[in-house]
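A.B. asks: Sequence first, then the predicted structure:
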Amino acid sequence: MNKECLECGDAFKGRIDKKFCGDGCRNAYNNKINKDSKNLIRNTNNRLRKNYRVLEALNPQQKTKTSRAKLIEKGFDFNYFTSIYTTKAEAVYYFVYDQGYLLLENDYILLIKRDS
């Protein structure tokens, strides 16, 4: 049974559920379909990666204190994190994967690394 590739329109033979003549056409088609959402995802992941690197660089001992200004100076964006953990004492920790921070008084920040 001959089918037509969704990307290039060429005829091909293959399994009944096959939609593309090859991997190149399948990749091109999916890249075209997901282009808008991929930019958002790529930009978000880049920002998370940057935040992670900043926290990791400033926290070599896995628990340290720093200032909000120092984080901002290094390019940290407080709007991007992967999870929030609230303790029983209602302290709110923000995490970028396993690197976390707790906002303290007077613009100080406690940096921690979560155990695996």
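C.D. replies: Great, that's in hand.

A.B. asks: Just give me the residue closest to the centre of this protein.
C.D. replies: Closest to where the C-alpha atoms of the chain average out (CA atoms, centre = their mean) is Asn45, at 3.0 Å.

A.B. asks: check which helix or strand covers it.
C.D. replies: Using DSSP states H and E, Asn45 falls within helix 35-58.

A.B. asks: Name the residues of that helix that come out as buried.
C.D. replies: For helix 35-58, the buried set under the neighbour-count rule, 16 or more other CB atoms under 10 Å, comprises 47-48, 50-52, 54-56, 58. (C-beta placed from N, C-alpha, C; glycine too.)

A.B. asks: what do you get for stretch 86-94?
C.D. replies: Within stretch 86-94, the residues scored as buried using 16+ other CB under 10 Å are 93-94.

A.B. asks: what's that stretch in contact with?
C.D. replies: By CB atoms under 8 Å, 6 or more residues apart in numbering, the residues outside stretch 86-94 that reach it are 78, 81, 83-85, 100-103, 112.

A.B. asks: of those residues, buried ones?
C.D. replies: For those, burial is judged from neighbour counts taken by 16+ other CB under 10 Å, and it is met by 81, 100-102, 112.
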